[in-house]
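# Quick one, what's the 3D model for this:
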Amino acid sequence: MKTITADFINDCINCNEIELKPTQKRLSIPVLNRIYQKMINGIRFGEIKVCDNLIIDGHHKYLSSLMSKYPIKTLPNSKTSATIELQWKHILFEENDFDTYWKIAFLNEIDAEYNSIPLERIIKIISGE
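Take a look at the predicted model:
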C-alpha cells in the first residue's frame, strides 16, 4: 500500500498541469491518504463543487483524484466574497488529521452505502489490509 507523503503530493503538483485552483489554505495528509486509498481501490465518489476554475468544496477529493488518476466529476457552485484564489505551491499540507474518529466512521458508512459494498471492505481499504 502506497502512503501519501508531502513529497509525493508536491511531486504530483509539480509534474501535472492542474486545471482547478484551490481556495483552501491547508489540507490534511491523513485525509488525502484515506481518499487516495479508496480511489485506487475503485471506490466511487460524488462530485466536487467548483465555480469557474476554483474548487469551492472538495479539495481533498480533487487532489487525491489527481494522485490516483481517478476521474472526478464537478458540480457548478457559486463563490462568496470570502473566496480567494490560491496557488497549489502555497498550500500547507499538514500531518494533522482534520477528521475525528466519528467523522471518519460516518464518511466510511456513506462511502459503503454509495458504493453498495460492506462497510468492512472500506475499513480494510483504509487500514491497508
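
# Do you know the pLDDT at the residue of the chain most remote from its centre?
What lies farthest from the middle of the chain is Ser81; by Cα atoms, centre = their mean that is 24.1 Å. Ser81 carries a pLDDT score of 86 in this model.

# count of neighbours near Gly46?
Look at Gly46: counted by other Cβ atoms under 10 Å, it has 13 neighbours. Placement of C-beta: from N, CA and C, glycine included.

# same check, this time on Glu19
Neighbours around Glu19, by other Cβ under 10 Å: 10.

# What of the one 4 residues further on?
Residues within reach of Thr23, counting by other Cβ under 10 Å, total 19.

# Next, the contact list for it, please.
54-56, 59, 79, 83-86 (Cβ atoms under 8 Å, 6 or more residues apart in numbering).

# and what of Ala6?
Contact partners of Ala6, counting by Cβ under 8 Å, 6+ apart, are 29, 93.
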